[in-house]
Structure formats: structure tokens, C-alpha cells
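Student: Predicted coordinates and the sequence they were generated for:
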Amino acid sequence: MKFTIKLLTAFVLSLVIFRPQTTASAEANRFQGHSADAYFYTTDASGCIQTTVILELGEDILLSIQLFRYDICQNQPLIDAYGRKELTKSELKYTGNLDSATLRTTVPMTNAAFDVSIDLTWIGTGEINKLQTHYNYSPSPGCHINLLLQEEYRSASASGTVSDGTTNFTPEPADQANLYFAKRTLTSHGCD
């Protein structure tokens, strides 16, 4: 997540820096939103079939679902699929101050001849951690850029089903899951 924030920061700064120069003015851009992630890893009763499911959610988008299934006894990949989807408010809901999230949707999988139905719930379990970062930058004379990042995050339990209609790829709770909330405020003066 920190890498994503750094990448977003660099992107936003480049947009401000490389805009055509016109008259000096002040501009403020604000964004806030929730996100969540979950990592599931299971091995079947035979000890041969390992399954990994990784989900990353944004405010209104399933940024990615990755599904890997591998037969370690035969040293053979069985599934290597991924998906992405914009979501409606009825498919993805965040509640409270990082209290919970639910995702109920169907996603077409790339590199696979099937869709997966997802019905997962995140419940915040850990302490809410807060992080605030401030960047102040002057890329040229008279141009001042301020970026304020405020994040809250907590560990969570995630459980439910990710299924192709026959197999539940997440029969056990997630090995790792998190809930996030971020506010980003970018202000610039004299840069356009």
C-alpha cells in the first residue's frame, strides 16, 4: 500500500509539474476513499493442491483478484487467472470507521473459461493505526506544491466464498486481511 501511495504521489506531482505554464493561481484537489485487501492460502487434504487467492479493493472497484492453483505433487499449474471489475454500491459496502466491508459480485476471469462468484466479509479486528505524511515541493520559482496524505488502517479477518460454482477457493478465513481509509489533499499555487 505504501508503494501505491508513493506511486500515486509521483503521478500527481508530475501532472502538476508538467502542465503548461499560464497565469499563477491556487488549486486544490481532494480525494478520500476506502480500500481493503485479503490473502488466502490453502492446501487440500491430499497435501498436493495449493490454492492462493489475492484480492485488492478500492472505493468502488475490484482492483484485482488473482487466483492460483498448483499441484505440487505433479509439479503442474492448474489455474492462473485474474480479474478486475468496477463495482456498484450494492456490490461493495464499507461500514463504520474501518469496522467492516462486504463484497458480493461475479467477476469474469482472464486466462480461465469461468467466472467467479465472490461473497466475502471483512471484519476489523486490530487497532486502528494512523499515518500522516506531508510533502512540500517547489519545482520552479513561484510554484509551490503541498501534498497531505492521511491514512487509517487496521488488520481484519476476511472470510466467505470465492467460487466457480463447483469449487470454493477460499474454504478457510484469510491468512491476512486489512481495511484502509485515506484522504489526500494536493494544493498548488503559482504552478499553472
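Tutor: Now that the structure is in, tell me what you want to look at. Just so you know, these numbers come straight off a predicted model, no measurement behind them. Residues are numbered from 1 along each chain as shown.

Student: hey, let's count contacts and neighbours off CA atoms from now on
Tutor: Noted.

Student: tally of neighbours for the closest residue to residue 173 other than its chain neighbours?
Tutor: Nearest residue to residue 173 in three dimensions, chain neighbours excluded: residue 159, at 4.5 Å (C-alpha to C-alpha, 6 or more residues apart in numbering). Neighbour count for residue 159, taken as other C-alpha atoms under 10 Å: 21.

Student: who does the helix or strand where residue 159 lies touch, helix- and strand-wise?
Tutor: Residue 159 belongs to strand 143-163 when elements are defined using DSSP states H and E. When contacts are defined as 3 or more C-alpha pairs under 8 Å, 6 or more residues apart in numbering; DSSP states H and E, strand 143-163 sits against strand 115-124, strand 129-140, strand 176-189.

Student: want to throw those strands into JSON lines with distance to residue 43, mean neighbour count and mean pLDDT?
Tutor: Putting the helices and strands packed on strand 143-163 into JSON lines (distance: least, C-alpha to C-alpha, whole Å; neighbours: other C-alpha atoms under 10 Å; pLDDT from 0 to 100) gives the following:
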{"stretch": "strand 115-124", "distance to residue 43": "19", "mean neighbour count": "20", "mean pLDDT": "97"}
{"stretch": "strand 129-140", "distance to residue 43": "32", "mean neighbour count": "12", "mean pLDDT": "90"}
{"stretch": "strand 176-189", "distance to residue 43": "16", "mean neighbour count": "20", "mean pLDDT": "92"}
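
Student: Kindly reformat those as JSON lines containing distance to residue 104.
Tutor: Output for the helices and strands packed on strand 143-163, formatted as JSON lines (distance: least, C-alpha to C-alpha, whole Å):
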{"stretch": "strand 115-124", "distance to residue 104": "4"}
{"stretch": "strand 129-140", "distance to residue 104": "27"}
{"stretch": "strand 176-189", "distance to residue 104": "17"}
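
Student: Those strands: which one's closest to residue 39?
Tutor: With C-alpha to C-alpha as the measure, strand 176-189 is the member of the helices and strands packed on strand 143-163 nearest residue 39 (5.2 Å).
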